[in-house]
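S.K.: Coordinates for the following, if possible.
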Amino acid sequence: MNLSPAAIALAEEAQGIQEHPWASNAGVPSERYQRGVRAVPWCSYFVMWCYDEAGWRCLYDNKTPEWDKPNVRVPRDFYMMAAARTLMDTWTERGHGVGRFAGLPQPSDIICMKRYGGSGVHVGIVTKCAGGMVEHVDGNLGHRVAMDAHSLDDELVLGYLRFR
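M.R.: Numbers count the residues shown, from 1 in each chain. The predicted structure follows:
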């Protein structure tokens, strides 16, 4: 079953959801994407939420995790994957990394980028690749869910993750 269209649809429908108060990492992003656990930078939480809601348990080999039941404590693994760099490194180690120049990104790939104006990694979900540009929907882009685009040769782009 191809869950890519469902994950992309969820990401696109979420556009405009923003933090409240502004620049706090709190509000709907904390409650929905972080499962209310804490208000921290949430780009990778957003990506995982889209895949999870589409039915792909990407952190747990496509199986429903035990903690996805009422009154079960969220595992440390969930917090660790909240860091975009950890998500990128872990999934690359597991064989899901697609090098920056290994071909064109595909819809539902996860784009991994250097953060604007700082160190660290930012992730989003690829929605389209055409005309030398890759379009993606990101969580925590300017404190909201928003569409962004980069040229394929943009120095900010580190690579892509593709769940197989």
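
S.K.: Now do the same contact list for the residue nearest to the spatial centre of the chain.
M.R.: Using CA atoms, centre = their mean, the residue of the chain that lies closest to the mean C-alpha position is Val47, 2.5 Å off. In this structure, Val47 makes contact with Leu87, Ile110, Val123, Gly124, Ile125, Gly139, judged by CB atoms under 8 Å, 6 or more residues apart in numbering. Using the backbone N, CA and C atoms, a C-beta is placed for each residue, glycine as well.

S.K.: Need phi/psi at it.
M.R.: Recorded main-chain torsions at Val47 are phi -60, psi -50, according to degrees, to the nearest 10.

S.K.: excluding its backbone neighbours, what's nearest it?
M.R.: Residue nearest to Val47 in three dimensions, not counting chain neighbours: Val123, with 5.3 Å by CB to CB, 6 or more residues apart in numbering.

S.K.: mind checking how far the one you found is from Pro21?
M.R.: Taking CB to CB, to the nearest Å as the measure, Val123 falls 24 Å from Pro21.

S.K.: So for those two, which residue has more residues nearby?
M.R.: With neighbours defined as other CB atoms under 10 Å, Val123 and Pro21 compare such that Val123 has more, 26 against 9.

S.K.: Could you check how far that one is from Ser108?
M.R.: Val123 sits 13 Å away from Ser108, taking CB to CB as the criterion.

S.K.: Also Val28?
M.R.: Taking CB to CB as the measure, Val28 and Ser108 are separated by 23 Å.

S.K.: if you count what's nearby, which of the two comes out ahead?
M.R.: Residue environment comparison for Val28 versus Ser108 gives the larger neighbour count to Ser108, 22 against 14, counting by other CB under 10 Å.

S.K.: Surely that one is in contact with Cys129?
M.R.: No. Counting by CB atoms under 8 Å, Ser108 does not reach Cys129; the two are 11.0 Å apart.
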